[in-house]
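Enquirer: sequence first, predicted coordinates after that:
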Protein chains: 2
Amino acid sequence: MAGRKPSARDEYRRAVDAYVAAGGDESVQRVITAAQSMNRKLDQWYARQLADLELTAGEWGVIAGIARAGEPLTPGYLAELTSVAPSSMTHRLDRLAERGLIERTPDAENRTRVLVGLTDAGWKLFTSAIRSSNVVESDVLQDLTDADRDELARLLEIVILRLDHIVA
Amino acid sequence: MAGRKPSARDEYRRAVDAYVAAGGDESVQRVITAAQSMNRKLDQWYARQLADLELTAGEWGVIAGIARAGEPLTPGYLAELTSVAPSSMTHRLDRLAERGLIERTPDAENRTRVLVGLTDAGWKLFTSAIRSSNVVESDVLQDLTDADRDELARLLEIVILRLDHIVA
DNA sequence: GTCGAATATTTCGACATCGAAATATTAGCA
DNA sequence: TGCTAATATTTCGATGTCGAAATATTCGAC
């Protein structure tokens, strides 16, 4: 194409070539790409499962977070746990409270704080969601042996620890 | 919330315990929980890297997607690629076009289609991002050996295949 | 060829999220 | 005690994303 100025694109190819030539890992790209692909599909699957319960993934994060902790948590902590701004958590909790799944009680020891706990209905929803979702999650991993599952979890945990260092 | 903030590792263990207590299969929950945890942290890490370029992860997905393809792509394909609704892609492309990073041209062969390509400025941004290693995923996997990386990618790809069957 | 179904993109209204500011309470310190 | 800084939550305005409907074009059956 005479007259076209191809400089930027050629520049890119050279940059990538240089990166690879400099020892840029094919293995890194492969892992990250695979992880992101899996996460996308996993999110889709979760959204679909949770739609039956009329829950978003974020709302599920709140309920599961409290259930995991085994005790009421503060809005700020829940916001961090589910990766949203504290101001977003306010609205999310409003909706969950309207549906009777969580309840807010002031912390007697520090009255700037609010403690968010599950109601009976919230606990029931959590338990039944886990029970029903596990079936399909087992399907997701059906092609992996027990040893493969252990290995996969182990490797993911190593990456998570590193990410904690970098991000936190 | 008594005491200090639990470490990521404790948090994770409790998550698995809670799922198992609720009736989940441990080997499944361990993998799923780890994958989701990594997903969240990876997203955070990406957002931070891209903030320097004043790009969101979604916008980077558009630019990198076109750059990797080496040719213009359609809005619908880009929407699928970056996991947003087609209607959201319209707005996202509007913004990128306003910034002069992409340009839309009608497809001469199928006029319902639009082809989205990078402008010279778009190519330059992509190149400089790669060059400055802002978006190159190198440190994240530093704790894994080459063999570990291959194994991790292999296992993830198996899960992805299964997810494709279930979700698609 | 023509009509209806299918495909691709955009428009539109509703809503979730964000950052910044406002509000309320506690902690630290002189 | 009294004052300032720090912490926790909520309110508010702006913006991004979604699903459904609208628009434009192509494909296929007859």
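Expert: Yes, it's here.
Enquirer: A:Val117 belongs to a strand, doesn't it?
Expert: One thing to correct before we go on: residue A:117 is Gly, not Val. Yes - under DSSP: H, G, I helix; E, B strand; the rest coil, A:Gly117 sits within a strand.
Enquirer: and it, how far from A:Arg131?
Expert: Distance of A:Gly117 to A:Arg131, given as C-beta to C-beta, to the nearest Å: 21 Å. Where you see a C-beta, it was placed from the backbone N, CA and C, and this is true even at glycine.
Enquirer: out of those two, which sits in the more crowded spot?
Expert: A:Gly117 (15 against 12; other C-beta atoms under 10 Å in any protein chain shown).
Enquirer: now do the contacts for the closest residue to the more buried one other than its chain neighbours.
Expert: Distance criterion C-beta to C-beta, 6 or more residues apart in numbering or on different chains; nearest residue to A:Gly117, sequence neighbours excluded, is A:Pro72 at 3.7 Å. For A:Pro72, the contacting residues are A:66, A:105, A:115-117, B:1, by C-beta atoms under 8 Å, 6 or more residues apart in numbering or on different chains.
Enquirer: check A:Arg162 too.
Expert: A:Arg162 neighbours (C-beta under 8 Å, 6+ apart): B:139-143.
Enquirer: and for A:Thr119, the neighbour number?
Expert: A count of nearby residues for A:Thr119, using other C-beta under 10 Å, gives 15.
Enquirer: no no, A:Ala147
Expert: A:Ala147, neighbours per other C-beta under 10 Å, totals 9.
Enquirer: same check on the one 4 residues further on?
Expert: A:Glu151 is surrounded by 18 other residues when neighbours are defined as other C-beta under 10 Å.
Enquirer: hang on, isn't it packed against B:Asp150?
Expert: No - with contacts defined as C-beta atoms under 8 Å, A:Glu151 does not count as touching B:Asp150, sitting 11.8 Å away.
Enquirer: and the helix ranked longest in chain A, what's buried?
Expert: Taking DSSP state H as the criterion, chain A has its longest helix at helix A:26-52. Across helix A:26-52, burial judged by 16 or more other C-beta atoms under 10 Å in any protein chain shown covers A:27-28, A:30-32, A:34-42, A:45-46, A:49-50.
Enquirer: what about chain B: which of these touch it?
Expert: A:27-28, A:30-32, A:34-42, A:45 (C-beta under 8 Å from any C-beta of the partner chain).
Enquirer: which neighbouring elements make contact with the host helix or strand of A:Val62?
Expert: Taking DSSP states H and E as the criterion, A:Val62 maps to helix A:57-69. Under the contact definition 3 or more C-beta pairs under 8 Å, 6 or more residues apart in numbering or on different chains; DSSP states H and E, helix A:57-69 sits against helix A:26-52, helix A:75-81, helix A:86-98, strand A:102-106, strand A:114-118, helix A:120-140, helix B:8-21.
Enquirer: separation between the residue nearest the centre of chain A and A:Met38?
Expert: Closest residue to the average C-alpha location of chain A: A:Thr82 at 7.1 Å, with C-alpha atoms, centre = their mean. In this view, A:Thr82 and A:Met38 are 20 Å apart by C-beta to C-beta.
Enquirer: so for the longest helix of chain A, mean pLDDT?
Expert: What helix A:26-52 shows for mean pLDDT is 78.
Enquirer: quick one: that helix to helix B:26-51, angle?
Expert: Here helix A:26-52 points in a direction 110 degrees away from that of helix B:26-51 (axes from the mean of the first three to the mean of the last three C-alpha atoms, to 10 degrees).
Enquirer: does DNA strand C sit close to helix A:26-52?
Expert: No - remark: helix A:26-52 sits outside contact range of DNA strand C, by C-beta under 7 Å from any atom of the strand, the gap being at least 12.0 Å.
Enquirer: ok, for A:Leu152, nearest residue in space, not its chain neighbours?
Expert: Nearest residue to A:Leu152 in three dimensions, chain neighbours excluded: B:Leu155, at 4.4 Å (C-beta to C-beta, 6+ apart).
Enquirer: could you report the neighbour count for that neighbour?
Expert: For B:Leu155, the neighbour count with other C-beta under 10 Å is 23.
Enquirer: for it, what are its contacts?
Expert: Contacts of B:Leu155 by C-beta under 8 Å, 6+ apart are A:144, A:148, A:151-152, A:155.
Enquirer: apply 7 Å and report the result again.
Expert: Going by C-beta atoms under 7 Å, 6 or more residues apart in numbering or on different chains, B:Leu155 touches A:144, A:148, A:151-152.
Enquirer: contact partners for A:Ser83?
Expert: A:Ser83 neighbours (C-beta under 7 Å, 6+ apart): B:40, B:44.
Enquirer: for A:Leu141, which non-adjacent residue is closest in space?
Expert: B:Val28 (5.6 Å).
Enquirer: return the distance of that neighbour relative to B:Thr145.
Expert: For B:Val28, the distance to B:Thr145 - C-beta to C-beta - is 26 Å.
Enquirer: and A:Thr56, its phi and psi?
Expert: Backbone torsions for A:Thr56, taken as degrees, to the nearest 10, come to phi -90, psi 170.
Enquirer: burial of it, as a residue count?
Expert: 15.
Enquirer: you'd agree A:Asp146 is up against B:Ser27?
Expert: Yes - taking contacts as C-beta atoms under 7 Å, A:Asp146 lies within contact range of B:Ser27: 6.1 Å.
Enquirer: good, we can wrap up now.
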